[in-house]
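Here you go, sequence then predicted model.
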Amino acid sequence: CGSASAEPGELRRLAWQLEGSGVDLVVAPQLTDIAGPRVHIRPIEGLPLLHVEEPTLSGPALLAKNLMDRVAAGLGLLLLIPAFVAIAVAIKISDPGPVFFRQPRVGHEGRTFRVWKFRTMYVDAEERLASLVDQNETDGMLFKMKEDPRVFPVGRFLRASSLDELPQLINVLMGEMSLVGPRPLPADDGDFLGDVRRRLLVRPGMTGLWQVSGRSDLSWDEAVRLDLYYVDNWSLAYDLSILWRTVGVVLARKGAY
């Protein structure tokens, strides 16, 4: 660790001692959660210094991401019409009430929008929440129960298979969400101060690094860390990688409840 010693020449002398031994000398900088493409070693006045580039949050790459989102969402909605009809019928048979659940969420730059989801809970779910608060199985800003009594059987299947999230393609088509990004959090579940507010620099996503790394099984702090890592290191290639990993996570039904 480069900061372990206060003596400037110690690392240099250590490198001398290791010459010819076959042992590599690797120095750990005091940087965390910054991906390699943003970090470069550049000599300045004879000193090898780390140059950390700013995150790419605008420009041609972002325009390409937005175009990909809109095209994919439009095609997805057209292809999924039969599935949407079948799911809607199943929900209506399970519990009379609306097919979709609309909830205010916080989006890009703090703007509030209403997210689209298939309804998975009984119509009186919000009224019953107060009696279940002490059974919350997660920390932070979210309420989660593996065996939530407010979820009807078909809704349990929709959640486990992530089919309840498909209507969010409408939000993507409208530019309120992206295919990949931090998950949109309910508007009344926190003030988004401090590090958490950095999540709002990008559009929220249908899937993200949080979802492919454990979903509801993660602690709130770990989920925030992953979201901030995504914001700081976003790229089109990274988005495609997360989309590919999402397929495996959905099929395995890991952390979905």
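Nice, I can see it.

what residue ranges in this structure are flagged as low confidence?
Applying pLDDT under 70 to the chain flags residues 2-8, 36, 130, 133-144, 188-193, 216, 253-257.

which residues of it fall in helices?
Remark: helices assigned in the chain by DSSP state H are 10-18, 60-79, 81-94, 125-128, 153-161, 168-173, 220-233, 236-252.

list the buried ones in the second one?
Meaning helix 60-79. Using 16 or more other Cβ atoms under 10 Å as the test for burial, helix 60-79 gives 62, 65, 68-70, 73, 77. C-beta coordinates here come from the backbone N, C-alpha and C atoms, glycine included.

what residues does that helix touch?
Outside helix 60-79, the residues that touch it by Cβ atoms under 8 Å, 6 or more residues apart in numbering are 56, 166, 169-170, 172-173, 175, 178-179, 235-236, 239.

what about 10 Å?
With contacts defined as Cβ atoms under 10 Å, 6 or more residues apart in numbering, helix 60-79 is touched by 56, 84, 166-175, 177-181, 202-203, 205-206, 234-237, 239-240, 243.

that older thread, could I get the buried residues of helix 60-79 in TSV, plus columns for distance to residue 210?
Output for those, formatted as TSV (distance: Cβ to Cβ, whole Å):
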residue	distance to residue 210
62	21
65	18
68	20
69	18
70	23
73	20
77	24
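
on that earlier part again, drop anything exposed from the contacts of helix 60-79.
Buried subset of these (neighbour count, 16+ other Cβ under 10 Å): 56, 84, 166-169, 171-173, 177-181, 202-203, 205-206, 234, 239, 243.

what residues are up against the closest residue to residue 118 other than its chain neighbours?
Using Cβ to Cβ, 6 or more residues apart in numbering and skipping residues adjacent in sequence, the residue nearest residue 118 is residue 164, 4.3 Å away. Residues near residue 164 by Cβ under 10 Å, 6+ apart: 87, 91, 100-101, 117-120, 154-155, 157-158, 256.

change it to 6 Å
Contact analysis of residue 164 by Cβ atoms under 6 Å, 6 or more residues apart in numbering lists 117-118, 120, 158.

nearest to residue 186, of the helices of the chain?
helix 125-128 (11.5 Å; Cβ to Cβ).

Put the alpha carbons of the closest one into PDB.
In PDB, the C-alpha atoms belonging to helix 125-128 read as follows (Å, rounded to 0.1, in the frame of the first residue of the first chain):
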ATOM      1  CA  ALA A 125     -52.000  -3.600   0.300                       C
ATOM      2  CA  GLU A 126     -51.200   0.000   1.200                       C
ATOM      3  CA  GLU A 127     -53.600  -0.100   4.100                       C
ATOM      4  CA  ARG A 128     -52.100  -3.300   5.500                       C
END
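
What lies in contact with it?
Helix 125-128 is contacted by residues residue 150 when judged by Cβ under 6 Å, 6+ apart.

Buried residues in it, which are they?
residue 125.

Stretch 194-212 now?
196, 198-212.

quick revisit: for residue 38, which of the helices of the chain is the nearest?
Of the helices of the chain, nearest to residue 38 by Cβ to Cβ is helix 220-233, at 6.6 Å.

Please enumerate residues in contact with the closest one?
Outside helix 220-233, the residues that touch it by Cβ under 6 Å, 6+ apart are 33, 35, 55, 139-140, 182, 196, 198-199, 201-202, 209-210, 213.

Same list, those, but as a markdown table with distance to residue 150 please.
Shown next, in a markdown table, are the contacts of helix 220-233 (distance: Cβ to Cβ, whole Å):
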| residue | distance to residue 150 |
| --- | --- |
| 33 | 36 |
| 35 | 40 |
| 55 | 39 |
| 139 | 20 |
| 140 | 20 |
| 182 | 25 |
| 196 | 27 |
| 198 | 32 |
| 199 | 27 |
| 201 | 33 |
| 202 | 31 |
| 209 | 28 |
| 210 | 23 |
| 213 | 27 |
